[in-house]
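[1] here you go, sequence then predicted model.
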Amino acid sequence: MSWNDLKHDRRVLWAGYAAIGIVLAVLPFLVGAGLGNAWLRILNFAMLYIMLALGLNIVVGFAGLLDLGYIAFYAVGAYLYALLASPHFGLHWPVWAILPLGAVVAGGAGALLGAPTLRLRGDYLAIVTLGFGEIIRIFMNNLNAPVNITNGPQGISSIDPFHVGGVTLAKPLSVLGVTVPSLHAYYYLFLLLALVIIFVTIRLEDSRIGRAWVAIREDEIAAKACGINVRNIKLLAFSMGATFGGVAGGLFASFQGFVSPESFGLMESIMVLCMVVLGGMGHIPGVILGGILLTILPEAFRHAAVPLQKYAFGKVVVDPESLRMLLFGLALIAVMLYRPAGLWPSATRKRELQGGSK
Amino acid sequence: MDIFLQQIINGLVLGSIYALVALGYTMVYGILGLINFAHGEVVMIGALTALTVVKLLAGSGLPGPVIALIGLMAAAPVCMAIGYGIEKIAYRPLRKAPRLAPLITAIGVSIVLQNLAMMVWGRSYHSFPAVLPAEAHEVLGATFTDLQVIIVLVAAGMMAGLLLLINRTRLGRAMRATAENPAIAQLMGVNVNHIISLTFVIGSALAAVAGLMVSANYSIAHYYMGFILGLKAFTAAVLGGIGNLAGAMIGGILLGLIESLGAGYIGDITGGFLGSHYQDVFAFFVLILVLVFRPSGLVGEKVAERA
């Protein structure tokens, strides 16, 4: 039986899914016991970044619109959660109301950004979205006077943890006699939502809308000639992507318990973009891989850099943070030069890039 | 009224610095049709190199302008080498790739340059020694310093020189031909690769001058200064019409004026709700407005239609 036959055997397929499911289910306990809670937090962030990367993938990967201000939607979701569920305004709305509201508001912001930029293409769009992201950040930073809305650079703290009914994720949960610590509980929550988002994007990709996005990416004029309403479909891509960002932002605020403008800088936007690009634009498994790699590798590097330098030179010669970013920049250049379709590209994309220039 | 004149003066100084940086963006865009995202970092490297040299010589007893000139002489070759390297490593291999690719390598180059600078110069702010004449003059209630006059004059001189170079010399003609159509220019015997490298080198030399000016003007330099400066200069280039040299100069001056007037008056206009710390927002608003309503810029003729 060849590999191809195996791949199409339903039983093997289900066995594979079951194996992945089991690994995902026990992963937090393995990581928590083996590497400690710091790594469990990183794992949780990896889930958040997967959601973000998949959202951005709709805009950049499917519709081909380069968005460098994507983190603004994450910020909108996070700040909305922070404002509506913290002592800052004395509001404590329930999660089931805030998260959908965050999704809607972020989606609206996405459409709002999309509307004036529809006519722009390529790198112009990139710069405008970058400007938009910076504007949002500057407002978050400064909207503390004369009316204190965002609490300025100090950010908003003591945000309510994720809670539904009487169950809160801030304390260890007891499910069927098993005690699930808070970090683990968040992991399952994020995993669940990441799976939902993965499912939605997979279904979107093969839908009419998904095909319309790809058509616009490939050739806008031809798409228009085929009867696609380019304006609406592009706006939809923007707001759909932004919606995912908004949800992830809300989760981030609930998990972290603290938001400040610092978490939403340009570097974060670039980071998410790199997950999409390095993983493989428009290819969902590639984007997921990108999200995981770019969350875990820099952290692993951060943990390794100081001991390694101490071992090699007897002292810390180079600040690990800047060394990490330096290598990150070099990796970006190298991947673009040698694997422009990303680490795990989709079959179509690979063909395109091999078939010559566009 | 006095604040008005004062803001005009500040705007002119700021604007001439933006204009110099904007020229770097616009020259590259004119020839390659790509945004050299890392240009702001070249300015930053220029500023920090010049500052370091000036600091070393500050106690030597040489006259101030000579020290500044030596600083520039040190910074310019460094910037030119970096500009040359950026083009060679990050852009040349990708000239035929999809448009997203060079933009992403450019972001990569920015990150690398920024962190290299951080390793060399550290995270702290460096102050620029007061070697240049900073005597203040008063006109109609507004003050300006010798330094500001020098900045505006030098910027004007550099721009005039560049215009002469582009419009009057053989090299300039080759550059214009390459911008018009690289393939035909090559057929006419222009070494296109050579011209493109030179464009980057000239742009980087201007960036070194701008770097020295901006650090002297604010008497401060920092490894992170390149990003926002680059973004504003890019806005200036777009405002004037990207790819158009005169446009970059006009756009730079205009953006400087808009910014300083905006920062000066926003408090009054919004009744104190928004203050001058929103200064950075103006550039982005201008950028978005221009791109939406007049993507070809004020004096540009080509519309940004390449996908």
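    Perfect, I can see it now.

[2] longest helix in chain A, please.
    Counting residues, the longest helix found in chain A (DSSP state H) is helix A:284-313.

[3] elements contacting that helix?
    With contacts taken as 3 or more C-beta pairs under 8 Å, 6 or more residues apart in numbering or on different chains; DSSP states H and E, helix A:284-313 sits against helix A:37-56, helix A:182-205, helix A:266-279, helix A:320-338. C-beta coordinates here come from the backbone N, C-alpha and C atoms, glycine included.

[4] could I get the average pLDDT for that helix?
    For helix A:284-313, mean pLDDT is 83.

[5] returning to that earlier point: let me have the helices and strands packed on helix A:284-313 in a markdown table, extended by mean neighbour count.
    Output for the helices and strands packed on helix A:284-313, formatted as a markdown table (neighbours: other C-beta atoms under 10 Å in any protein chain shown):
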| stretch | mean neighbour count |
| --- | --- |
| helix A:37-56 | 23 |
| helix A:182-205 | 18 |
| helix A:266-279 | 25 |
| helix A:320-338 | 19 |
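
[6] wait, does the helix ranked longest in chain B contact chain A?
    What stands out as the longest helix in chain B, according to DSSP H, is helix B:2-32. No: Helix B:2-32 does not reach chain A (C-beta under 8 Å from any C-beta of the partner chain); its nearest approach is 9.3 Å.

[7] now that helix: buried residues?
    Buried residues in helix B:2-32, defined by neighbour count with 16 or more other C-beta atoms under 10 Å in any protein chain shown: B:6-32.

[8] one step back: and the angle from the longest helix of chain A to helix A:182-205?
    Orientation check (axes from the mean of the first three to the mean of the last three C-alpha atoms, to 10 degrees): helix A:284-313 against helix A:182-205 gives 140 degrees.

[9] need the residues of the stretch 101-250 of chain A near chain B, please.
    Selection of the stretch 101-250 of chain A residues close to chain B by C-beta under 8 Å from any C-beta yields A:116-117, A:119-124, A:126-128, A:130-132, A:134-135, A:138-139, A:142, A:145-147, A:220.

[10] give the contact list for the residue most central in space within chain A.
    Taking C-alpha atoms, centre = their mean as the criterion, A:L52 is the residue nearest the geometric centre of chain A, at 1.7 Å. By C-beta atoms under 8 Å, 6 or more residues apart in numbering or on different chains, the contact set of A:L52 is A:70-71, A:74, A:244-245, A:248, A:272, A:275, A:291.

[11] what stretches of the chain score poorly on pLDDT?
    Let's take chain A. Residue ranges of chain A with pLDDT under 70: A:1-8, A:121-122, A:145-146, A:166, A:177, A:314-317, A:348-358.

[12] if you could check chain B rather than the one you did, that'd help
    B:1-2, B:270-276, B:300-307.

[13] now do the strands in it.
    B:126-127, B:136-139, B:142-145, B:220-221 (DSSP state E).

[14] B:L229 is in contact with B:M44, isn't it?
    Yes: using C-beta atoms under 8 Å, B:L229 is in contact with B:M44, at 7.4 Å.

[15] what about the two, which has more around it?
    Using other C-beta atoms under 10 Å in any protein chain shown, the more surrounded residue of B:L229 and B:M44 is B:M44, with 29 against 23.

[16] do you know how far the more buried one is from chain A?
    The gap separating B:M44 from chain A is 14 Å, by C-beta to the nearest C-beta, to the nearest Å.

[17] shouldn't that residue be in contact with B:S110?
    No: with contact defined as C-beta under 8 Å, B:M44 does not count as touching B:S110 (9.6 Å).

[18] what is in contact with those two at once?
    Shared contacts of B:M44 and B:S110 (C-beta under 8 Å, 6+ apart): B:G226.

[19] how about the stretch 51-200 of chain A: which residue is closest to chain B?
    Nearest to chain B in the stretch 51-200 of chain A, going by C-beta to the nearest C-beta, is A:G131, at a distance of 3.6 Å.

[20] now that residue, nearest residue through space, not along the chain?
    Distances taken as C-beta to C-beta, 6 or more residues apart in numbering or on different chains place B:F284 nearest to A:G131, at 3.6 Å, with adjacent residues excluded.

[21] the one you found: neighbour count?
    When neighbours are defined as other C-beta under 10 Å, B:F284 has 21 of them.

[22] contacting residues for it?
    B:F284 neighbours (C-beta under 8 Å, 6+ apart): A:131-132, A:134-135, B:231, B:235.

[23] ok, now A:P340?
    Contacts of A:P340 (C-beta under 8 Å, 6+ apart): A:353, B:94, B:97-98, B:101.
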